[in-house]
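*Asks:* Build the 3D model from these lines:
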Amino acid sequence: MRIREANGLSVWLTVDGEKLDEQTDRKTGDEETGIRMECFVCPKRNQEFTINAHLGRQKPWKKDWIAEPIHNGNSIHSLHIRKRWHVTHKMSTYYEEDEGGSLVETNLSFGDIVDPSVEEGEAEEGDDSDDTRDGTLVVDISRGEIERVKPTKRRISQRIREKESTSGTRRKAEEKTAFGEEFVYDETDREEPFLKFVFKVRSQAYLKRHKLLDKIPAQQHPSQVSRTVRLKAEPDAVPDEQIIPSSSFTSARQAYHPSYNRASKRELSVDESVIMETPEAKRLRLAEEKIKTLEDLIQQSRRR
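*Replies:* Purely as a prediction, here's the structure:
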């Protein structure tokens, strides 16, 4: 999802490097009251995912940003986004303590997908009362300043509820790491974030039942693709052994038409070759003739 009013700031989810499809995008609010974007996603059970945040290249904002994800009601660590950092910032893990009290790093996972019951229903558009419900990922975006501080080694804090069951891959983590930045909220964003990106995780059956799936147009039939479009598209790669260098029109035609059938090739008359010759093939043929002419001139000069 992308908010143009906020310098084109975008937040999206990926699974194995592929962007997760967003269904029924909704936008509420404005720059005065805060902008909220929400959508539905339908991943597979227990899929691990990555949160991505990217600042667009529109008019530079005067403030820095902080992205604070909240997964199933759990606040996890933040991403600092400087006002001129036009790169994609990613978060795919969070930290928690295991039964022995050691800190472990766990991959973000959708876990079990539990749809709202008939009694619970779906919140109205713009309603944030269900933002802490299981199956909801919220990314709060606030304005402020990123301040550089003296690098110090600090303990990585646990950022989820105690004894929270997880399904993502876990591994032991260093309990301390070096931090060299701190974020200070803008006065207007201390209580409420300026932007909210809300991803509601639902099953595909639920989205179909409630007619929340976006209709995707069927792909155009190949027979409708014009010859001009096919010529403009990049030709398929041709293995070197299939290309026979020659100054004849036949070799030029083979270079631009990999599917050319050699078994059926035949000598073409001058009139027929002109009719069938494409602009690309003509340019290639002329280039080959020019090269051959230059080679003849070089050989003649050497004989003298």
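*Asks:* Quick one: the helices in the chain, in order.
*Replies:* Listed in chain order, the helices found in the chain under DSSP state H are 204-209, 227-232, 249-256, 270-276, 279-303.
*Asks:* Need the winner for burial among those.
*Replies:* Highest mean neighbour count among the helices of the chain (mean count of other Cβ atoms under 10 Å): helix 249-256, with a mean of 19. No exception for glycine: its C-beta is placed from N, CA and C like everyone else's.
*Asks:* Any idea what the most centrally placed residue in the chain is bridged to?
*Replies:* With distances taken as Cα atoms, centre = their mean, the residue of the chain nearest its centroid is residue 19 (4.8 Å). Beta-bridge pairing for residue 19 (DSSP bridges): residue 14.
*Asks:* Tell me how far it lies from residue 93.
*Replies:* For residue 19, the distance to residue 93 (Cβ to Cβ, to the nearest Å) stands at 19 Å.
*Asks:* One more: residue 117?
*Replies:* 31 Å.
*Asks:* Neighbour count for these two, which is higher?
*Replies:* Taking other Cβ atoms under 10 Å, residue 117 and residue 93 do not tie; residue 93 has more neighbours (18 against 7).
*Asks:* which other helices and strands contact the strand ranked longest in the chain?
*Replies:* In the chain, assigned by DSSP state E, the strand with the most residues is strand 136-155. In terms of contacts (3 or more Cβ pairs under 8 Å, 6 or more residues apart in numbering; DSSP states H and E), strand 136-155 is packed against strand 9-15, strand 50-54, strand 64-71, strand 176-185, strand 195-201.
*Asks:* Between these, which one is closest to residue 168.
*Replies:* strand 64-71 (10.5 Å; Cβ to Cβ).
*Asks:* Now that closest one: buried residues?
*Replies:* 64-71 (16 or more other Cβ atoms under 10 Å).
*Asks:* cool, and stretch 72-88?
*Replies:* Neighbour-count burial for stretch 72-88 [16+ other Cβ under 10 Å]: 72, 76, 78-79, 81-83.
*Asks:* Just give me the closest of the residues you listed to residue 181.
*Replies:* Among these, and counting by Cβ to Cβ, the member closest to residue 181 is residue 82, at 9.5 Å.
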